[in-house]
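S.K.: Here's a sequence, model it:
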Amino acid sequence: MKVSPRDVRDLWTAAIAELATPESMGGDTLTDLWLSAAEDGVVPTELPSPTGRLPLGEAFVTTSADLAQRARTPGRVVVVLDSSTKQLWVKAGARDLAGLIHARWDAIAGPTERLTDVVPEFGDVLRADAREAARCQRVTGLRLILNSRRRPKPGASPKS
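M.R.: This next block holds a predicted model:
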């Protein structure tokens, strides 16, 4: 018996419908499901949330479990994926969480320094040229700001 691409898509669609619940979307328990489905080119078209089903274009994707946990709200679905699966989801309409997060700080606390002088552990994982070139700057009051504004829906006119 031959399995058609449609059969594979139907299988993944059924698995996603069964396993993706508002509760399971609150964590990273479905990562293996998303990665495996993506290997067959399958990306969900909508995702469950505590406030109802959301189209993929309303969902955010990231490679950082920490940022996902901080950004999730009842109305904001954030899915953690590997880099290639994230790209596939973004191509299918998901939004990159990086576009929602902005770094802010109170003041610059010193000159630019070589990264490996500040965090020596990076020297073990950086290429030689990057070890010398990578720079950082100390700041005070560093924080990540999540932009809570929603993207306007296509065709909607802004309110005055």
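
S.K.: pretty sure Ala59 is touching Val78, no?
M.R.: Yes: contact status for Ala59 versus Val78: in contact at 7.4 Å, counting by CB atoms under 8 Å. (Each C-beta comes from the backbone N, C-alpha and C, glycine too.)

S.K.: who has more neighbours, these two?
M.R.: Neighbours were counted for Ala59 and for Val78 using other CB atoms under 10 Å; Val78 has more, 24 against 21.

S.K.: List the contacts of the more buried one.
M.R.: 59-62, 67-68, 71-72, 97 (CB atoms under 8 Å, 6 or more residues apart in numbering).

S.K.: one more time with 7 Å
M.R.: Val78 sits next to 60, 62, 68, 71-72, 97 when contact means CB atoms under 7 Å, 6 or more residues apart in numbering.

S.K.: before we move on, what about Thr85?
M.R.: By CB under 7 Å, 6+ apart, the contact set of Thr85 is 34-35, 38.

S.K.: do that again at 10 Å, thanks
M.R.: Applying CB atoms under 10 Å, 6 or more residues apart in numbering to Thr85 gives the contacts 31, 34-39, 43, 61, 63, 79.

S.K.: Now do the domain split for this structure, please.
M.R.: When the chain is parsed into structural domains using automatic domain parsing, the resulting residue ranges are 5-100, 105-144.
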